[in-house]
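[1] Build me a model from this:
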Amino acid sequence: MPHLTPPRQLPDTARGADPGTGAGPDATATPDDTAVTEPAEPARPAGPAGTDEAAAATPKASGTPEHPPASGTRPEPAPQASAPDPASPPTESGASDAPDVSAPTEDTAPAAAPPSRPGWFGWRRRSPRAARAVRIGTSVLAAALVLVVLLVPNRLDWITVQSFLRLPVEAILLAALLLALPPRPRRITAAALGVFLGLSAVLKCLDMGFRQTLARPFDLVFDWVLLSDAADWTKDSFGRSGELLAVIGVIVLVVVVLAVSALATVRLANELARYRPVAVRTTLVLGIVWVICFTLGVQFGGVAFATKGYAQYLSNRVQYVRDGLGDADVYKKEMAVDAFAKTPPDRLLTGLRGKDVMLTFIESYGRVAIDDPAMAPEIDATLSAGDARLRSAGFSARSGWLRSPVTGAGSWLAHSTFLSGTWVKNQQRYRSLTTGDRATLTGYFRKTGAWRTVGIVPGVRKSWPEGRYFGLDHIYDSTHLGYQGPYFSWTPVPDQFSLEAFQKLEHGKRNRDPIMAEIILASSHNPWSPIAHMIDWKDLGNGKVFYRIKKEGTDPTEVWKSAKRVRTEYRKAIQYSLDSLTQWVQRYGDDNTVLVFLGDHQPVPTVTGGSTSRDVPVTIVARDPKVLDRVAGWGWTEGLKPAHDAPEWSMDKFRDRFMTAYGPGTR
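    Below is the predicted model:
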């Protein structure tokens, strides 16, 4: 019947169709290697011999010309075959009366290959083998990326080959989740989980960097402010262009990591859907293997094969954040406890009345400088020379150990811990302290009215509103010391010049009141290249002499290529700071001089070699024997070098013990 016969489809040569097939240029495209597509509609039953498909499948009748007519002749139109009545039985008259039995039917035709896209510029169609290789390669890389993010530790010293030869339960659960979802939710979930994996990868990298500098992981609550400090350090070490390139590079890298991780998980989700039966069986088998290995504690190379380390890492980070958010209330209670808050001013620090007291911090002066075998001989020689120098001027010294709240960096946290008598371990505590009313050691000196309190802070190069909290009558930052020389990487003013400026601006004045000075020496600040060296005090002038000295120094980009060279330059920087300080006391000290100097924290792990110690040396120097007699009961070592078994105090305990020793009740 005519209404059952599909219309004849003639080749559309105007659109570039193939006359032999009746299909467009995309009809022979290879299957898409990157996307899972829905199955095509079942093929329609083949039409009668008059259709293109039947014509292609039916042998030519006798008398039909094998080649088209010559040019210029008009071919005779082929007679249109009538469709048989499907209700009547087929005849035996031949192909002209019955459908071609070789044409596929709805019941017998195989499922057509899913339609696919040809790829960029049709390269998949032109190079199917290359397309297949690319698909397999990208899938393998995507799986490797996800496994690396799940397995990589957040510490550089924990990264070994064995750490990657493990089976993470998180990968099995991820596969099970994606297999259980329908197509659209699966893709959305895969992309979201990929971004999350990328964020955790960035966080692990931050943890690695912070452990290399601060020997602790990145604090998601309080450490964001330190990123700007890192940018400032980069600018001071490598210039403005270096800082700009570093910031742009970090931003681009983060965006790339998030994008690549999202694409990787979507890729894996598509592959799981493409081979769903195999993926389901494999996921089930791996789940059983994980349970068995975890239960039996199977290990390879001393590392557990079945791991849930990524989930544990996330759990620890969540707990870390919760502890940080609740720490503010804990610290407020600690700040409220002050044994000297109600002590009358005339009964504070009576044992130091009339003395010039200098509380001096040496940047990064940690225990490693004294205990490390590679540095100890040179540091011992410097301390011995300083001892001899001080003794020749009539001074004596006592030394011990303090445990800092930080290591590698965060000097202001150590300074505020030492001065406030509270444990200032993070930026939130520092803000709470500097916006509160708890008195510091420098504040108590000022409260007595017996001292002029000043700050020599060459490392401060911009507004420092917190300085008022510490009870200082006047602050000399890097722009108020009279220095016209060059920066030494991060260090704005060399230590020798800072001490000479203190002598000219405050200590050397006649008919003045006693001085309490907080002095922060910065020449031993990371990256320790280039560093200044001692010159004749008379030649310091306005500091321009240091231009020549800087040219003679080392290049930080070269120094930091070798951990050994970094340690060597660190040791030289500490020696320079110690020499500057002891020579100043020998040159300008008198009977009323009392010097307390200490390190603020240990240097970065590149120098400490992974040591977990946070101890720093602390020393009291005085010419008046009565000053040191008051601390005789502390058990400190005589001289500038504390003994290995000298007392170790938490840094927040120093303030109260110092004020007790020099209060009216101690003789």
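[2] where along the stretch 101-250 of the chain do the strands fall?
    Per DSSP state E, counting those that start in this stretch, the stretch 101-250 of the chain carries strands over the ranges 167-168.
[3] got the residue ranges for the helices in it?
    Along the stretch 101-250 of the chain, counting by DSSP state H, counting those that start in this stretch, helices occupy 123-126, 128-151, 169-180, 183-214, 224-274.
[4] hey, what's S399 bridged with?
    Legend: beta-bridge partners of S399 under DSSP bridges are T619, T637.
[5] wait, what's in contact with it?
    Residues in contact with S399, defined by Cβ atoms under 8 Å, 6 or more residues apart in numbering, are 617-620, 636-642, 646. Bear in mind the C-beta positions are built from the backbone N, C-alpha and C, glycine included.
[6] Separate out the buried members of the residues you listed.
    Buried members of the contacts of S399, counted by 16 or more other Cβ atoms under 10 Å: 617-620, 636-637, 639-642, 646.
[7] Now tabulate these in a markdown table and tack on pLDDT and distance to K550.
    Formatted as a markdown table, the buried ones among the contacts of S399 follow (pLDDT from 0 to 100; distance: Cβ to Cβ, whole Å):
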| residue | pLDDT | distance to K550 |
| --- | --- | --- |
| P617 | 98 | 28 |
| V618 | 98 | 31 |
| T619 | 98 | 29 |
| I620 | 98 | 34 |
| W636 | 98 | 38 |
| T637 | 97 | 36 |
| G639 | 97 | 33 |
| L640 | 98 | 28 |
| K641 | 97 | 30 |
| P642 | 97 | 33 |
| A646 | 97 | 37 |
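[8] how about those in CSV, adding distance to D372?
    Shown next, in CSV, are the buried ones among the contacts of S399 (distance: Cβ to Cβ, whole Å):
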residue, distance to D372
P617, 13
V618, 18
T619, 19
I620, 24
W636, 22
T637, 18
G639, 19
L640, 17
K641, 14
P642, 15
A646, 17
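[9] Of those residues, which is the nearest to D380?
    Using Cβ to Cβ, K641 comes nearest to D380 of the buried ones among the contacts of S399, at 6.9 Å.
[10] Specify the local secondary structure of that closest one.
    K641 falls in the coil class when you classify it by DSSP: H, G, I helix; E, B strand; the rest coil.
[11] That one is in contact with I370, isn't it?
    Yes - counting by Cβ atoms under 8 Å, K641 touches I370, with 6.3 Å between them.
[12] Overlap in contacts, these two.
    In the contact map built from Cβ under 8 Å, 6+ apart, the residues linked to both K641 and I370 are 380, 383, 617.
[13] The second one sits in which helix or strand?
    The one in question is L383. In the assignment (DSSP states H and E), L383 maps to helix 376-392.
[14] Just confirm V357 is within a strand.
    Yes - applying three-state DSSP, one finds V357 inside a strand.
[15] what ranges of the stretch 151-300 of the chain fall below the confidence cut-off?
    For the stretch 151-300 of the chain, the stretches with pLDDT under 70 are 236-237.
[16] does R657 sit in a helix, a strand or a coil?
    helix.
[17] before we move on, the earlier item: in CSV: the helices of the stretch 101-250 of the chain, plus mean neighbour count and distance to I515.
    Listed next are the helices of the stretch 101-250 of the chain as CSV, based on neighbours: other Cβ atoms under 10 Å; distance: least, Cβ to Cβ, whole Å:
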stretch, mean neighbour count, distance to I515
helix 123-126, 16, 78
helix 128-151, 16, 56
helix 169-180, 18, 61
helix 183-214, 18, 34
helix 224-274, 16, 30
